[in-house]
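*Asks:* got a predicted structure here, sequence first:
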Amino acid sequence: MTASMNLLVAVCLGYVALLFLVAFVAERAALRGRGGWLRSPVVYTLSLSIYCTAWTFYGAVGYAARSGLEYLTIYLGPTLVMIGWWWGLRKLVRIGRTQRVTSVADLISSRYGKSTLLAVFVTLIAVIGTTPYIALQLQSVTASFASIAQADPNAASLDDNRNIALWVAAGLALFTILFGTRNLDANERHHGVVMAIAVEAVVKLAALMAVGVFVVWGLGGGLGETLARIDASARGQWQVDGARWAGLTFLAAAAFLTLPRMFQVLVVENEDEGHLRTASWAFPLYLMLISLFVVPIAVVGLEIMPAGSNPDQFVLTVPLSQGQNTLAMLSFLGGFSSATSMVIVASIALATMVSNHIVMPIWLRLTGGGAVISGDVRHVVILSRRVSIAAVLGFGYLYYRLSGGGAALAAIGLISFAGVAQFLPALLGGILWRGATRTGALVGLSLGFVLWVWCLLLPSFGTGVVISESVMAAGPWGIGWLRPYALFGLSGVDPLVHAIVWTMLFNAGGFTLASLISFPTPLERLQGAQFVNVFQHSGRTQNWAGDTAQSEDLMVMAQRILGPAQSQALFQEEARRQGLVGYLPEPSPDFLARLERELSGSVGAATAHAMVGQIMGAATVSVDDLLAVADETAQMMEYSSQLEAKSEELTRTARQLRAANEKLTQLSVQKDAFLSQISHELRTPMTSIRAFSEILRDGGALDAETRAKYADIIHGEAIRLTRLLDDLLDLSVLENGQVNLNLRTGVLAEVIDHAVAATGVENGPLRLVRDRQAEEVMLETDLDRLAQVFINLIANARKYCDAAAPRLTVSVQVRNGRLMIDFVDNGTGIPRAAQALVFEKFSRVSDQNAGGAGLGLAICREIMARLDGSITYLPGQGGAAFRVTLPVAQRVAAQ
Amino acid sequence: MTGKPTPLFLERRSYRQRRVIDAARLLPVLGAVLFGLPLLWPRGAEDAVRTSSSILYVFGVWLILVCLAFVISRKVEDEGDGSTDTNDEGRP
């Protein structure tokens, strides 16, 4: 088989047809909801491989042939980023998903207050940085065609190769437009595209590995032999410049995060955050494998190829020179895959940015009013995106034609990296530091961009093309410290490292300093909190105070951007959530934020914000709104603490109610007992009165003495009844607190004298022992009531003291500010079990002398309670002992 | 928000999780240091390190990092911010 151009074109077209088929099948499967296999972490990992472009596929070998192991830095940087996914990528992906970010420009603009200016700026840098890169891919495809053409004597001249570049560009534009703009929402995944680039990732890895295996075991004579050959070659020793080793690793790591196409596959096309976990080790593995055979291919190529052959084409020319045409074809397809996948994703990413941040705002301004114009905005957005894709590819082709496709183009890879790396401070600062401001981002980006253009981009076109030789040598206007390769006198450094150091220093420094001294707008602060604390609260932006908005206007606008079906579903769902019927929900802040996020998935955050803003009347959030949000939180907290207090109070009340209920139940039981007691007490005397009065009425044969005796009994029982009723009345009055105290001043001794006289104990057997000295105490209290208590106690002693020589000792003392009067007799006292009950109503310790109704001590207790004192039984005094206590304050006041 | 005090000690599982996350954070640092070691290699004409040794070193480190990343990615759980300096993330 000879390597003929015709066969190559046929294979190439067949491969392209296969890619179209894969993309088509994937789109169909996703559409029918059978795309489970599309969402595997393996596909995600493979899609990341668009990092390895044709520049790395072909260029890495050339790079290794020229500079040894330095090419590894391009892969080591992304490796470090991927295995460090927990630091930044995880957060970036979460933010991208919650904020429905469509591109790196959208992320930066959205973070810094949805700034259109920043979005435009980032888009421009991205376009400037990426267009040469696309040209580079076209060049590599053309060069690989040329390499094969050289082996085919019948092939056309090189002029045709220019046309090949055009054909490739046109074909890629067609593919990208077909599968890249199928759905408007950039946040919805391009399943077809992702699947196609996953297939291409497998092809390019397989191709490079196949060539590597062929070179090591087919040409190099095994692993050990090949290593020996490597050591024997011109690149046999570690000669990598330290500054370039570190600088390029950093640059590759930065570019991996900020390249628009990498952001597209890493964040925008990310289906599931969990995929990152697999990619964290699988992608470094991919990078390792793809760079594994680079040095052997380079060394063997240098050995066997004729001097002066282009090392960039060794991957293709080494198999060709050995007659391995199938391998060469596979290798060609690998390079073709690398180029096309990069161009497809890069043009999608750039087109999204250009259309969302440049075309749409201009169009909205031109049509004056944006949301209120008639017509379907979706067509405009899709059209602008398609035109943008064609334009980006057109620029790439133009750049390729104008640059002439020489070595100058090959150098553009790292320069492009350095350009997009300027996003790094704004990007990382934005997601990690709440203090980062729009001003800071603008200052940092501007400084970095200007220095990049001056130190790297303009000199790269060659001395004398843009910057004259004299300026390169002596600086503009002879100012030496402004020389592009020796800025601020830092000469003798590798130009790339020189540029990285200065751009990053000024970019990050300017960004930090300007952020520190500027003050962010409220929207910036809101977004800053949303981005930096994305793990604390995902979602929930509160940007609009929605009372002036017309839901219908919003609906009209949403239909134009999202399409009728989707927006109607969105509005209906929201209305249902608000408890309304129909399609028009209240324009609550929540809903507006959600709507804006949905819109931003189609047209970018800044445009969506502006469009909603036009309908809402106010396009900005005021400090008051911000404070209102904070207030709301504070109110919520206060409310919750109030609720907590209330619930505590309720618990307390419930406890009190329970206690009251218990008491009531007890009282009810007591009342029942009281009623049965009192009926019993009343019944006894009534029974004897009735019996004796019946005898008196009926019996005529009674003598006068007996009659008198019976009448006495009736009289006595009546007196007892009266006394009982008096006592009951007295107790009832006391218990109800209706008693009027007759406060007077007197001496305690006189009160006791009165009580003794009233009971008449002086004539009885009971002997009283008193200490008159101690009794000389002035009192201010109800003396009559107090005397009543004393009478009761003395009468009790007389009645119940069962000693042979009954004696009652009255002692008085003052302790702890209280006056205490003890009445202690020398009887047997009250049994322990009965002590607790002596003050209860109707309680009688013994019934041998049923003289009282058992109310006396109960009355005493009530009286003492009214007098602010107490009466208690004093156990262990050798007889019945009662202690009457009175507050001493009354006594002092009386003196 | 409510000033709920975070517990001083964690149960065994959360503790293990935190340490896995620590490992995930330290891995790129380790990688950077190991990949940075070639900066110290001599670059003279005679005593320079041979390319075959450099290749074995770099790819060896690479493979070890991939293996470690694989193990960590299996161990680490998705939920939770897991950082010790901020509140635990509660996904809404």
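*Replies:* Structure received.
*Asks:* can you list the residues of the stretch 51-200 of chain A near chain B?
*Replies:* Taking Cβ under 8 Å from any Cβ of the partner chain as the criterion, the stretch 51-200 of chain A approaches chain B at residues A:68-69, A:72, A:76, A:79-87. For every residue, glycine as well, the C-beta is placed using N, CA and C.
*Asks:* which non-adjacent residue is nearest the residue in chain A positioned nearest to chain B?
*Replies:* Relative to chain B, the nearest point of chain A is A:Gly84 (3.0 Å; Cβ to the nearest Cβ). In space, and not counting its chain neighbours, A:Gly84 is closest to B:Pro28: 3.0 Å by Cβ to Cβ, 6 or more residues apart in numbering or on different chains.
*Asks:* ok, how many other residues are close to the one you found?
*Replies:* Neighbourhood size, B:Pro28 [other Cβ atoms under 10 Å in any protein chain shown]: 22.
*Asks:* tell me how far the ends of stretch A:765-773 are from each other?
*Replies:* 24 Å (Cα to Cα, to the nearest Å).
*Asks:* returning to what we had before: could you identify the most distant pair in the residues of the stretch 51-200 of chain A next to chain B?
*Replies:* Of all pairs drawn from these, the greatest distance, 32.8 Å, lies between A:Gly68 and A:Trp86 (Cβ to Cβ).
*Asks:* what ranges does chain B have for its helices?
*Replies:* B:12-36, B:51-75 (DSSP state H).
*Asks:* which one of those helices is the most hemmed in?
*Replies:* Ranked by mean neighbour count, the helices of chain B are led by helix B:51-75 with a mean of 18 (mean count of other Cβ atoms under 10 Å in any protein chain shown).
*Asks:* between it and helix B:12-36, how many degrees?
*Replies:* Interaxial angle, helix B:51-75 versus helix B:12-36 (axes from the mean of the first three to the mean of the last three Cα atoms, to 10 degrees): 160 degrees.
*Asks:* might one say that A:Leu570 is in contact with A:Gln559?
*Replies:* No. Counting by Cβ atoms under 8 Å, A:Gln559 is not a contact partner of A:Leu570; they are 10.0 Å apart.
*Asks:* now mean pLDDT too, for the helices of chain B, in TSV please.
*Replies:* Formatted as TSV, those follow (pLDDT from 0 to 100):
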stretch	mean pLDDT
helix B:12-36	88
helix B:51-75	91
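*Asks:* would you mark the buried spots in stretch A:555-563?
*Replies:* A:Met555, A:Met557, A:Ala558, A:Gln559, A:Arg560, A:Ile561, A:Leu562, A:Gly563 (16 or more other Cβ atoms under 10 Å in any protein chain shown).
*Asks:* and for stretch A:264-281?
*Replies:* Within stretch A:264-281, the residues scored as buried using 16+ other Cβ under 10 Å are A:264-271, A:275-281.
*Asks:* off-centre distance for that stretch?
*Replies:* In terms of Cα atoms, centre = their mean, to the nearest Å, the gap separating the centre of stretch A:264-281 from the centre of its chain is 21 Å.
*Asks:* that stretch: end-to-end distance?
*Replies:* End-to-end for stretch A:264-281, by Cα to Cα: 20 Å.
*Asks:* mean confidence for it?
*Replies:* For stretch A:264-281, mean pLDDT is 87.
*Asks:* try stretch A:399-408
*Replies:* Across stretch A:399-408, the average pLDDT comes to 69.
*Asks:* before we move on, back to that, so which of the buried residues of stretch A:264-281 also contact chain B?
*Replies:* Among the buried residues of stretch A:264-281, chain B is touched by A:Arg277, A:Thr278, A:Ser280, A:Trp281 when using Cβ under 8 Å from any Cβ.
*Asks:* which residue is it, in chain B, that comes closest to chain A?
*Replies:* B:Pro28 (3.0 Å).
*Asks:* need the residues of the stretch 51-200 of chain A next to chain B in JSON lines with pLDDT, neighbour count and secondary structure, can you?
*Replies:* Shown next, in JSON lines, are those (pLDDT from 0 to 100; neighbours: other Cβ atoms under 10 Å in any protein chain shown; DSSP: H, G, I helix; E, B strand; the rest coil):
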{"residue": "A:Gly68", "pLDDT": "84", "neighbour count": "23", "secondary structure": "helix"}
{"residue": "A:Leu69", "pLDDT": "86", "neighbour count": "22", "secondary structure": "helix"}
{"residue": "A:Leu72", "pLDDT": "90", "neighbour count": "30", "secondary structure": "helix"}
{"residue": "A:Leu76", "pLDDT": "93", "neighbour count": "28", "secondary structure": "helix"}
{"residue": "A:Thr79", "pLDDT": "94", "neighbour count": "30", "secondary structure": "helix"}
{"residue": "A:Leu80", "pLDDT": "93", "neighbour count": "22", "secondary structure": "helix"}
{"residue": "A:Val81", "pLDDT": "93", "neighbour count": "25", "secondary structure": "helix"}
{"residue": "A:Met82", "pLDDT": "93", "neighbour count": "29", "secondary structure": "helix"}
{"residue": "A:Ile83", "pLDDT": "92", "neighbour count": "25", "secondary structure": "helix"}
{"residue": "A:Gly84", "pLDDT": "89", "neighbour count": "22", "secondary structure": "coil"}
{"residue": "A:Trp85", "pLDDT": "87", "neighbour count": "25", "secondary structure": "coil"}
{"residue": "A:Trp86", "pLDDT": "86", "neighbour count": "25", "secondary structure": "coil"}
{"residue": "A:Trp87", "pLDDT": "84", "neighbour count": "17", "secondary structure": "coil"}
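*Asks:* which one of those is nearest A:Leu743?
*Replies:* Of all these, the one with the least separation from A:Leu743 (Cβ to Cβ) is A:Trp86, at 84.6 Å.
*Asks:* find the nearest non-adjacent residue to the closest one, please.
*Replies:* Computed as Cβ to Cβ, 6+ apart, the closest residue to A:Trp86 that is not its neighbour in sequence is B:Ala24, at 4.2 Å.
*Asks:* shouldn't the one you found be in contact with A:Met82?
*Replies:* No. Counting by Cβ under 8 Å, A:Met82 is not a contact partner of B:Ala24; they are 11.6 Å apart.
*Asks:* and A:Ser811, helix, strand or coil?
*Replies:* Three-state call for A:Ser811 (DSSP: H, G, I helix; E, B strand; the rest coil): strand.
*Asks:* could you find the closest non-adjacent residue to it?
*Replies:* A:Asp822 (4.9 Å).
*Asks:* residues touching the one you found, list them.
*Replies:* A:Thr809, A:Val810, A:Ser811, A:Val812, A:Gln813, A:Leu874, A:Gln877, A:Ala881, A:Phe882, A:Arg883, A:Val884 (Cβ atoms under 8 Å, 6 or more residues apart in numbering or on different chains).
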